[in-house]
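>>> For reference, the sequence and a predicted model appear below.
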Amino acid sequence: MKYSPILICSVFVLLIGCTHFQETLTNTEQVYPVTNKDAIEIFLTIESPTRAFTEVGFVTVEHQENVQAAVTFLKEKAAKQGADAIINFEVHVYRRLAALILFIPIYENTYIASGVAVKYSLNTSSIGKTL
């Protein structure tokens with residue numbers, strides 16, 4: 001059986017371009033309206049919002065392209081949960097040998113971004129705390 005090089009390349013690109021994600025609701029598992037992904041703030045593990053918030057859920061995404069694509073996808077998933085920000089944000093890069101062509105190693109990176117999606121509260125009495 002003879003396969004077209006275009007078909008083989010297309011299947012290869014589809015398999016490599018896969019993006020995985022996981023969403024876990026926390027707290028009361030309350031459903032919030034979708035928010036704008038471009039307005040979502042990101043806070044590293046050593047930072048915290050100055051406004052009161054409630055945890056919505058934990059979000060993790062895996063992307064093959066680059067860090068920015070993983071962060072954008074993470075914001076999209078958090079926005080669908082109704083989040084205003086992501087706290088405890090982390091990115092991990094995993095590198096593996098994808099192929100060895102004529103003794104030249106070809107590496108593939110996987111970017112895993114994760115964090116806790118939070119919704120800002122109207123109650124400002126407990127600033128920076130989970131309600």
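Thanks, I have the structure now. Numbers count the residues shown, from 1 in each chain.

>>> Could you check how far Val31 is from Val67?
30 Å (C-beta to C-beta, to the nearest Å). Heads up, the C-betas are built off the backbone N, CA and C, glycines and all.

>>> Pull the distance from stretch 71-83 to the chain's centre.
Distance, stretch centre to chain centre, for stretch 71-83: 7 Å (C-alpha atoms, centre = their mean, to the nearest Å).

>>> what packs against the helix ranked longest in the chain?
Taking DSSP state H as the criterion, the chain has its longest helix at helix 67-80. Packing partners of helix 67-80 (3 or more C-beta pairs under 8 Å, 6 or more residues apart in numbering; DSSP states H and E): strand 20-25, strand 53-63, strand 85-101, strand 104-120.

>>> His84 - how many residues pack around it?
Check again: residue 84 is Asp, not His. Counted by other C-beta atoms under 10 Å, the residues lying close to Asp84 total 22.

>>> same question, Ser48
Around Ser48 there are 16 residues (other C-beta under 10 Å).
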